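missing the sequence, but the structure's below:
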């Protein structure tokens, strides 16, 4: 099958290039972007591993301190692998999840306007750790209809610089991408801030008009799966929400 392209067609221009030059371009792109993404991924992995260790230590420390007040209140740590960790406290669970991919930001994002990124465009590539807030019972009883909330996203680049997109203290305390570097001290602050944030948002009863119709199926299976949806109501939206 013959394909005819106009002389000025970008694909035809590509075909006319010297194969050696094209291969060199591929190698350059791999050296720059692919190698940078691998470096960012490894950096994020190390950070998440440190985070898991801190969460485990935090659970043990807080449980001992609260035991003198109420032995029924415990802080529990669990993990299902190198990409996930959970911290359960009171009626809340924080779920930390590391994304396996590396991301850049839209060209109009604020970080592209900083001198720090303008000096090295590869500094904008970031690994991401998500922090979700769930009701502990939602996970304990496998209530599939219940909702959790993404309360923060931690972005980490190849130089260990980071910032957080989140609400209130989670956002304004950790927004200096140019100067702020991730370390165990900062991770501990992030954990504490996320816990305080979650504890300050109590479960609220839903509007009666949202739950005034219940099917027979839901009632029959309520004891087993708690089919009526339960979730906290957070009074804000992230920048990516409409």
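Sure thing, it's come through. Bear in mind the structure is a predicted one, so any value in this text is a computation, not a measurement. Residues are numbered from 1 along each chain as shown.

so which helix or strand takes in residue 198?
helix 184-199 (DSSP states H and E).

helices or strands next to that helix in the packing?
Applying 3 or more Cβ pairs under 8 Å, 6 or more residues apart in numbering; DSSP states H and E, one finds that helix 184-199 makes contact with helix 35-67, strand 84-89, strand 92-103, strand 126-135, strand 149-156, helix 169-172. (Each C-beta comes from the backbone N, C-alpha and C, glycine too.)

mind listing what the fifth one pairs with, with the direction of each?
Next to strand 149-156 in the sheet, as set by DSSP bridges, lie strand 126-135 (antiparallel), strand 162-166 (antiparallel).

of all the ones you listed, which lies closest to residue 36?
Smallest distance to residue 36 across the strands paired with strand 149-156 (Cβ to Cβ): 10.6 Å, for strand 126-135.

residue nearest the centroid of this protein?
Residue closest to the mean C-alpha point of the chain, counted by Cα atoms, centre = their mean, is residue 130 at 1.4 Å.

Beta-bridge partners for the residue nearest to that residue when sequence neighbours are not counted, please?
Spatial nearest neighbour of residue 130, chain neighbours left out: residue 97 (4.7 Å); criterion: Cβ to Cβ, 6 or more residues apart in numbering. Beta-bridge pairing of residue 97 under DSSP bridges involves residue 84, residue 130.

what residue ranges in the protein are flagged as low confidence?
Counting by pLDDT under 70, the ranges of the chain that qualify are 1-17, 202-242.

pretty sure residue 99 is touching residue 126, no?
No. Residue 99 is not in contact with residue 126 according to Cβ atoms under 8 Å; the separation is 9.9 Å.

more neighbours, the two?
Neighbour count, other Cβ atoms under 10 Å: between residue 99 and residue 126, residue 126 has more, with 25 against 16.

how about the strands paired with strand 149-156 in a markdown table, adding distance to residue 176?
As requested, the strands paired with strand 149-156 are arranged in a markdown table below (distance: least, Cβ to Cβ, whole Å):
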| stretch | distance to residue 176 |
| --- | --- |
| strand 126-135 | 15 |
| strand 162-166 | 7 |
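
where's residue 198 relative to residue 92, distance?
Separation of residue 198 from residue 92 (Cβ to Cβ, to the nearest Å): 5 Å.
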